[in-house]
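Asks: Generate coordinates for the sequence data below:
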Amino acid sequence: MNKKLIITRVILILAFVMYLVSLLMPYKIYQDVNPLAPQDTYRPYSGGPGYDTEYILFFIFFIPALVFGLVRHTITMKALLLVFSVLLFGFACFVYSEDFSPDYSRPHMGFFLFFISTVLFLAVAIYKIRIPVPKRKEKHLDLLDDF
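Replies: Numbers count the residues shown, from 1 in each chain. Sure thing, here's the model as predicted:
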């Protein structure tokens, strides 16, 4: 197997493992507004508002990236992986920003691990574009003629 393809598969597996670890960690730090406390406190927890939706959405959104990375090496798959990785990277950048949150929150460790895994997928997509696609071999009908 080509050395570049082995490198891309190793990076894809690393990105997928990082994604699975990020699912187990909290994505946001929520602000507790306590009128008795002199300052606001932040608490990380994975059961915050909309956590179930975030978990399912990331799981459904991430499976095709793994499929695109491990299937047959063709020009179509390289283009699909690049487009999908750019969409995933944009999704990671904007979905957890403070502007789109229902309450004030900050990113936490799960978000950062997810962000790193999307950067790895984007790097694999860009790296895979540089790998040449082998041309199709001509079909030989000699085997059929022997029967």
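
Asks: And Arg130, how far from Lys78?
Replies: 10 Å (C-beta to C-beta, to the nearest Å). Just so you know, the C-beta spots here come from the backbone N, C-alpha and C atoms, and that holds for glycine as well.

Asks: Compare those two (neighbour count), which wins?
Replies: Lys78 (18 against 8; other C-beta atoms under 10 Å).

Asks: what helix or strand does that one sit in?
Replies: helix 75-95 (DSSP states H and E).

Asks: Remind me what that helix packs against, helices and strands.
Replies: In terms of contacts (3 or more C-beta pairs under 8 Å, 6 or more residues apart in numbering; DSSP states H and E), helix 75-95 is packed against helix 51-70, helix 109-129.

Asks: Which of those comes out lowest on mean pLDDT?
Replies: For those, mean pLDDT drops lowest on helix 51-70, to a mean of 61.

Asks: Surely Ile126 is in contact with Leu82?
Replies: Yes - the pair Ile126 / Leu82 is scored as a contact, 7.0 Å apart, by C-beta atoms under 8 Å.

Asks: ok, the two, which is more surrounded?
Replies: When neighbours are counted by other C-beta under 10 Å, Leu82 comes out ahead of the other of Ile126 and Leu82, with 18 against 14.

Asks: Please name the nearest non-neighbouring residue to that one.
Replies: Leaving out its chain neighbours, the residue that sits closest to Leu82 by C-beta to C-beta, 6 or more residues apart in numbering is Ala125, at 4.3 Å.

Asks: What count of nearby residues applies to the one you found?
Replies: Using other C-beta under 10 Å, the number of residues around Ala125 comes to 25.

Asks: Thank you kindly, that will do.
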